[in-house]
Each structure stands twice: as C-alpha cells, then as structure tokens.
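Asker: Provide a 3D model corresponding to the input given below.
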Amino acid sequence: NPVLTRQIVTHDPPAMAFSPDGSTLAVSDLNGGVQLWNMTNRTPAARRTAKADPPPADVAPTEPVPAEPAPAEPAPTEPTPAQPPGEMPALPPEDEAPFQRLTGLTGYVASLAYSRDGSLLAAGDQQGGVKIWDRSKPDRTRTFGGIRTRGPVFGLSFAGNARTLVTADGTATAGLWRVTQSGAPDRVAAVTVDDYVMEAAFRPDGRSLVATRRNGTANTWNTVNPSRPVRGADLPLRNQDLKSVAFSRDHRRVATLNSEYPVLRVTDMSRPAVPVPVASLVTASVLAISPDGGTVAVVADPTTVMLWDVSNLGRVALLGRVTGATFGSALAFSPDGRTLATVGNEDYSISLWNVADRTAPRHTATLTGHSGYVTSLAFSPNGRHLASAGYDLATLLWDVTDRARPYRLAKLGGQSVFTRSVAFSPDGRTLAT
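Answerer: Residues are numbered from 1 along each chain as shown. Modelled structure (predicted):
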C-alpha cells in the first residue's frame, strides 16, 4: 500500500503533484509548507474484488499470465463468473507524519509542479511567493533562491528541459523565469494575459506557452526564446464561462463545454481561431478527450454518455452511446483510449467501460467503496491504476490491470474537506489531490 504517513490536507482545495516517477506525492498545506508522501509500496497483502461483469473476450490482462497455448479456433465457452470479494488489505495508519516537509512559503500554498524529470519541485503561495527545491537527491534536498510575483500564484509549469519556469499570478501576469543551479531564478520575461489568468502551462516541448482565462479563452506565446516570448493567436474557446475543458495528451486538441446553453466545441491548436461546434447539449455536464485526441466523451444527460469522432474536424460524427447506468460529474479515458471510467449520478459507484469499439461500448466492472459523490477520476500513465476522490473526504486507489476484476489498493483519508481533482505524475509514482 502507499505509505500514508499522516493526514494529508485540511483545506479546500489542496494543491497536489506527483513526481514523474510516481514515488512521491507533494501536498500543500495552510502554513506555507509542502508535505511529501511515500507512494512506492502499492501491493496489498490480499485483494478485494469489485463487482464485475464477465470479462469481455478482447480485454486481455496487462501483465503476462502463464497459460497453455490456446488452439487456433477455441470452442465457445461459458463466461467466467466474477470471483467473490476477498479480504480487504489492511490500510495504512492516517495519523503519522510525511517523510519530509518543505517550508519557506507563507500561508495557503495554492500551486505545485514537478519538472518532467522529477529533479525540481516548485510551489507557490497566496502571497506571491514561489520556492523551488532540487529533489535530484531526495536525501539532500536543496532550496533555490525564492521568487516573488505580484499576486497570488495560481499556476506553475516547467518547460521540458526544466530550465524555464512559468508562474501565473492574480495580476493577470505570466512570468518566465530562468532556473539555474545556483542563486535565485532570474525573470527573463513577463507577459500580460487579457483577463484573470486561471492557469499557465508550457506545451511538452517547451516551445510555446498557453494561459487560460476566466472567460473561457486563452492567450498563447511562442517561447522558443524564453526571454522574448512572441504573442501568438488567441484561442477563442468560447467567450463565456466554461463548464468543462479537456486537452488531448499531445495538447494539439482542446474540447470545451460552455456553462450557459452548453455547446460542445473542439479546437485544433494549429487553427486556434476556428473552434468547431460539435453539438448543442442543453443538459451536458462534463467531458473527456481520448489521449489521441480523436474521441470526445461527454455526459449528455444523467443516463447517457455520447462518444464523438473528432479525428477529422471537417466530418465530426456521433460514434456511439454509453448507457445502462447513471452518470455524474467525472469521466476519464485510460492512456490507451480503450477504457472509459465514469461515476454514478444516483449512487457513489465507479463504472469501467470497454470502448475499444466506440460503436458498442460494454460495461466491464463496477467499483464501490465511496460514501459520497465522486468528483474526480484519473488513470495512472501505465493504465494499471485508477484514483478516485469526492465528497466523502477520501481518495481511493484501485488496481484496474484486469479491467473485469479491479480491486481497491488503498484509502488516503484524513481530509476535512472534499477533493475536487486528482492527477498522477508522468511516471505514475506520485498522486496529487
């Protein structure tokens, strides 16, 4: 089990980030600190099998299982019945201390970010302070000089080479800072966002910067030369508040759902001025985009999830519908795009669906264990684990290697407010909540 060493957070919402190798979860607190949690041991002594449908024929285990060679044309067999629940593994204590606490900030820490290689961790507070720690040698954490921005820090992002950090603050400013091995980072540029900046992030290659705005649009800059960012085309995602936003894994597609009279739109980032309206969905609530950017799943109403083919924005088409359950406010595609996780609208369950054939989605399992509405889902990068969190003040970790027989790994509890979002680090070894 992940080693939960004390209560994680007691404020709403905490900032969280996984290290790229997934071994550490960084969690902010109200006292200018960042708690580091050990997430390396996830194997339970026993398994608890979730309620499951018989496994579909095309869902194979992720890890090889020794077996006799199958005949070329096997005879039909009866579906394998789901196994009865086993013993729930003992959960870790919830009143110990994190293995390390990083300090130096003031009050509410609102944003956290790891560099892609996991060597650097940055945190920003509501007073405009930013600290960067060198975590390349975890047993000897080194602190870089501090950064002072002009307002509360709401977003942090490292460029791919970890040499440039962007800060998004409450004065509608995104600052670009050169990170060196000695001394305080130098601000090499500052760009002004046209409205309140909600988040700023580099694309994976670090060559461009996107800053999202409260009104549902975004500004972009070419940052090949970080000291001279060049303003690019704005992204008119929608001149209204947005209800839901999702990027494809390569950040080349963004799907949006505006709040008033919801319309699903998809924008190709190579043509940011031309968002493509897909459908008007009056009761739609949340969406997700497949990792390859080719499919958008949207909760169209409490009993239907629509799957839209957006691989060719000139010929958008409805591929299929997921039905047979109620659907709430969270969706997540697995990294391979073959599984969709949904949450219940009338209960606290999580459902897994085989969507390899978008025209015929199939239910594979139901996960139970939450005692309140689930508000966030996230698959680990390798697709073997699922994190869920919500109103019951708990984050649950599930092993979903076998999509037909998932089981719960651990419960991260001790929080005094509900969790809005969960996210895995790029290497899957750290979970942020």
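Asker: only C-alpha atoms for contact and neighbour calcs from this point on.
Answerer: Will do.
Asker: and Asn250, how many residues sit next to it?
Answerer: In this structure residue 250 is Asp, not Asn. Counted with other C-alpha atoms under 10 Å, residues neighbouring Asp250 total 12.
Asker: helix or strand for it, just tell me which one.
Answerer: Asp250 is part of no helix or strand, with elements assigned from DSSP states H and E.
Asker: ok, now how distant is it from Tyr114?
Answerer: Asp250 sits 18 Å away from Tyr114, going by C-alpha to C-alpha, to the nearest Å.
Asker: how about Ala432?
Answerer: In terms of C-alpha to C-alpha, Ala432 sits 11 Å off from Tyr114.
Asker: who touches both of those two?
Answerer: Among the neighbours of Ala432, those also in contact with Tyr114 (C-alpha atoms under 8 Å, 6 or more residues apart in numbering) are 17-18.
Asker: just confirm Asp427 is within a helix.
Answerer: No: the assignment for Asp427, made by DSSP: H, G, I helix; E, B strand; the rest coil, is coil rather than a helix.
Asker: in this structure it contacts Ser19, no?
Answerer: Yes: under the criterion of C-alpha atoms under 8 Å, Asp427 makes contact with Ser19 at 7.3 Å.
Asker: more neighbours, the two?
Answerer: Neighbour totals were compared for Asp427 and Ser19, and Ser19 leads with 30 against 18 (other C-alpha under 10 Å).
Asker: could you list the low-pLDDT ranges of the stretch 151-300 of the chain?
Answerer: Residue ranges of the stretch 151-300 of the chain with pLDDT under 70: 182-183, 195-198, 214-216, 236-241, 260-261.
Asker: let's see 90
Answerer: 151-286, 292, 300 (pLDDT under 90).
Asker: so which residues of it form helices?
Answerer: For the stretch 151-300 of the chain, helices defined by DSSP state H, counting those that start in this stretch do not occur.
Asker: can you show me the strands along it?
Answerer: With DSSP state E, counting those that start in this stretch as the criterion, the stretch 151-300 of the chain has strands at 153-158, 164-169, 173-178, 186-192, 197-202, 208-213, 218-222, 230-231, 242-247, 253-258, 263-268, 276-280, 287-289, 295-301.
Asker: and the ones you listed, which is most packed in?
Answerer: strand 164-169 (a mean of 28; mean count of other C-alpha atoms under 10 Å).
Asker: and it, what does it pack onto?
Answerer: strand 153-158, strand 173-178, strand 197-202 (3 or more C-alpha pairs under 8 Å, 6 or more residues apart in numbering; DSSP states H and E).
Asker: what residues of stretch 376-394 count as buried?
Answerer: By neighbour count with 16 or more other C-alpha atoms under 10 Å, stretch 376-394 contains the buried residues 376-381, 383-394.
Asker: average pLDDT for that stretch?
Answerer: For stretch 376-394, mean pLDDT is 92.
Asker: if I pick the nearest residue to Gly206 once chain neighbours are set aside, what's in contact with it?
Answerer: Among residues not flanking Gly206 along the chain, Ala159 sits closest, at 4.5 Å (C-alpha to C-alpha, 6 or more residues apart in numbering). Contacts here follow C-alpha under 8 Å, 6+ apart; on that basis Ala159 touches 115, 165, 202-207.
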